[in-house]
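>>> This is the structure alone, sequence omitted:
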């Protein structure tokens, strides 16, 4: 049987969090389903960012310009170069796949793309323009579930189809039960 391979992008070190979970100092819900999928035989590789790299700094600088934020460019370009080695690119953080979503919308990236939304897409100034620009990167995703129904509804409203659904996410209760006993 051929195992599925998933490339994971995130805004903090998943290798560090995986080790903290293994040492029982952090609950597994901090990995947004990765531990549970690993138990099903799925293979995961994590990409770590390099905050000293030019592309990371460029992405950070672009965040200051309204409507030009594309996320961590370093990690996304690295993922783009490795796309053919994976069945899915997954990001538990909604800002890690903005550029990849655009590339997938324009059929430059072929690998299915999934990210989890934690907070509203449309907030701050220029919401009507943000709605238009968000359409393209969101539409490039295969699935974009959200941690709340409000955010899932907003995503579906932007793209005009069922791209998102509310995740009924909760804490890893077994971790906390042992802490309380």
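Okay, I see it. This one's a predicted model, so the numbers in the text were calculated from it and none came from an experiment. Numbering: from 1, shown residues only.
>>> mind listing the helices for the protein?
With DSSP state H, the ranges of helices along the chain come out as 14-22, 34-38, 54-62, 73-82, 98-105, 127-139, 149-159, 173-180.
>>> which residues sit against the fourth one?
If I follow you right, that is helix 73-82. 7, 9, 47-50, 53, 55-56, 58-59, 62, 70, 89, 96-100, 103, 108-109 (CB atoms under 8 Å, 6 or more residues apart in numbering). Where you see a C-beta, it was placed from the backbone N, CA and C, and this is true even at glycine.
>>> Can you tell me which of these are buried?
Among the contacts of helix 73-82, those scoring as buried are 7, 9, 47, 49, 53, 55-56, 59, 70, 89, 96-100, 103, 109 (criterion: 16 or more other CB atoms under 10 Å).
>>> For the protein, give me the ranges with low pLDDT.
Applying pLDDT under 70 to the chain flags the ranges 1-2, 66, 170-181.
>>> how close does the residue nearest the centre of it get to residue 25?
The centroid of the chain falls nearest to residue 91 when counting by CA atoms, centre = their mean (2.2 Å). Residue 91 sits 24 Å away from residue 25, taking CB to CB, to the nearest Å as the criterion.
>>> With residue 38 instead?
According to CB to CB, residue 38 and residue 25 sit 18 Å apart.
>>> Neighbour count for these two, which is higher?
Neighbours were tallied for residue 38 and for residue 25 using other CB atoms under 10 Å; the higher tally belongs to residue 38 (15 against 9).
>>> That'll do, ta.
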